[in-house]
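*Asks:* Here's my sequence, what's the structure:
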Amino acid sequence: MDFQQSDMWQTDDIERLIIRLMQDNPIVYSYQSKDEFLFEIKLRKNIIVSAKAMNQGNSPFSLLAESRCNPEYWLLTNAGGFQLRNGVKPSDAIRDIYQNSSLYAFECATAILIIYYHAVLNSMDENAFNQLFRNLYLYSWHADPDLGIHNIITNYILPGDVVYFNNPDYNPETPWWRGENAVVLGNDTYFGHGVGIESAEHMIEFLNKTRRPGSNLSAYLKNFVTRPSFKHLAKYSMLPRAYITPKILHPIILHNQSSISYDQYLYYLNKVYSP
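*Replies:* Coordinates of the predicted model:
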């Protein structure tokens, strides 16, 4: 059946915006149940909330080699990743990044993963979150398979999506400005760690100031979005913990490149593991 807004649905301004844009898009968004649909709306909203909270924090942008974290919860690896300490609850470690933000520094791809985990934590039962993500490792776009991170080529973006502003002619002396991963907040606002909350026009203006001297090749918004698997996470949010089974973790691709897009990370992954 087609979706119909009802007074029985308690929605706020962000959720109504997401639903309205879904209805206005020519794309068909299909769900097996009302609960599955509501979970996606809730998680999209929480991605926005987590992005805005990070913007209010005191974690600076840093290169992978200069990353730092709270040693009470994380082990800092030689590659600049954060490995969850034994005996630490994933939920406590993720919350600490927000509660003690001045103890942390990371680049923008890692920031997106932190936002995702924080948003998922605020969208499901804490015990289920701790079982799903008990092997947390934060490094660039390396993600737990249960996040279900994937790219979609589209010109229709929704609040809670992650987009990439590409800077093809970046200054080689500042390669960390090769681009900016940004959370779509709605109403033409985006959050990118290291840049802050800006419109698409201002994001591009900022990146254009970091081009190689004499370049006239503008930065631009790429036509793909990165999303977690809302349907997969919705399933786990509604199942008892007994249904959470062991899994094969994704390999970690060490590349030492800050501010890369998810498709660039997949390129490195395929390059390492292709026959």
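
*Asks:* what about the closest residue to residue 100 other than its chain neighbours, neighbour count?
*Replies:* Of all residues not flanking residue 100 in the chain, residue 70 sits nearest, at 5.6 Å (CB to CB, 6 or more residues apart in numbering). C-betas here are computed from N, CA, C, even on glycine. Neighbourhood size, residue 70 [other CB atoms under 10 Å]: 18.

*Asks:* In the stretch 151-275 of the chain, where is pLDDT below threshold?
*Replies:* 240-244, 273-275 (pLDDT under 70).

*Asks:* And the helices in it?
*Replies:* 200-208, 230-238, 262-273 (DSSP state H, counting those that start in this stretch).

*Asks:* now for those helices, which one comes closest to residue 92?
*Replies:* helix 230-238 (19.5 Å; CB to CB).

*Asks:* Buried residues of the closest one, list them for me.
*Replies:* 230, 233, 234, 236, 237 (16 or more other CB atoms under 10 Å).

*Asks:* Got the phi and psi for the nearest residue to residue 194 once chain neighbours are set aside?
*Replies:* Excluding its sequence neighbours, the residue lying closest to residue 194 (CB to CB, 6+ apart) is residue 61, at 3.2 Å. Torsion angles at residue 61 (phi, psi; degrees, to the nearest 10) stand at phi -70, psi 140.

*Asks:* correct me, but residue 61 touches residue 181?
*Replies:* No: in terms of CB atoms under 8 Å, residue 61 does not count as a neighbour of residue 181; the distance is 11.3 Å.

*Asks:* does residue 123 sit in a helix, a strand or a coil?
*Replies:* coil (DSSP: H, G, I helix; E, B strand; the rest coil).

*Asks:* related to what we said a few turns ago, mind giving me TSV with the helices of the stretch 151-275 of the chain and columns for distance to residue 189?
*Replies:* Converted to TSV, those look like this (distance: least, CB to CB, whole Å):
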stretch	distance to residue 189
helix 200-208	9
helix 230-238	21
helix 262-273	21
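
*Asks:* And for the chain, the residue most distant from the center?
*Replies:* Relative to the centre of the chain, the most outlying C-alpha is that of residue 214, 33.2 Å out, by CA atoms, centre = their mean.

*Asks:* number of nearby residues for residue 94?
*Replies:* Residue 94: 26 neighbours (other CB under 10 Å).

*Asks:* Please name the nearest non-neighbouring residue to it.
*Replies:* residue 117 is the one closest to residue 94 (CB to CB, 6+ apart), at 5.0 Å.

*Asks:* what about that neighbour, neighbour count?
*Replies:* 26.

*Asks:* Please identify the helix or strand for it.
*Replies:* Using DSSP states H and E, residue 117 falls within helix 108-121.

*Asks:* which residues in the stretch 1-150 of the chain form helices?
*Replies:* 13-24, 34-56, 90-99, 108-121, 126-132.

*Asks:* Quickly compare those and say which is most buried.
*Replies:* Counting by mean count of other CB atoms under 10 Å, helix 108-121 has the highest mean neighbour count of those, with a mean of 25.

*Asks:* ok so, going back, next, the residue nearest to residue 100: phi, psi?
*Replies:* phi -80, psi 110.
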